[in-house]
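In: Below are the sequence and a predicted model for it; my questions follow.
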Amino acid sequence: MKFFELTREACQESFKVNIEKALGHLAVGGKVNEESVRSLLFGDYVDSDRLYDEVTDIPELIKTMEQ
């Protein structure tokens, strides 16, 4: 079984959340798959409260990292 399929199952079984709902904004062609999550990035770089969250603004991330 592929890693992504294991992740899909773990998301459903452990967190009771369908991965399509959790990561639907990344879906390519209406379905979340390996390709659609390749650009998924988490960190605490942008938020001054140091929350570990999805990075959605790459230019802001670059600006912050260069400071």
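Out: Alright, I've got the coordinates.
In: how much space between the most centrally placed residue in the chain and L61?
Out: When C-alpha atoms, centre = their mean is applied to the chain, the residue found nearest the centroid is L40 (4.0 Å). Between L40 and L61 the distance is 13 Å, computed by C-beta to C-beta, to the nearest Å. For every residue, glycine as well, the C-beta is placed using N, CA and C.
In: Quick one: residues contacting the residue at the greatest distance from the centre of the chain.
Out: Note on the chain: the largest C-alpha distance from the chain mean falls to Q67, namely 24.5 Å (C-alpha atoms, centre = their mean). Taking C-beta atoms under 8 Å, 6 or more residues apart in numbering as the criterion, Q67 is in contact with no other residue.
In: How about V32?
Out: Under the contact definition (C-beta under 8 Å, 6+ apart), the residues listed for V32 are 8, 19-20, 23-24, 26.
In: can you check N33 too?
Out: F4.
In: F4 looks like it's in a strand, true?
Out: No - F4 is assigned helix when assessed by DSSP: H, G, I helix; E, B strand; the rest coil, not a strand.
In: you'd agree it is up against V37?
Out: Yes - F4 lies in contact with V37 (C-beta atoms under 8 Å); the separation is 7.4 Å.
In: which stretches of the chain form strands?
Out: Secondary structure of the chain, counting by DSSP state E: strands at 42-43, 53-54.
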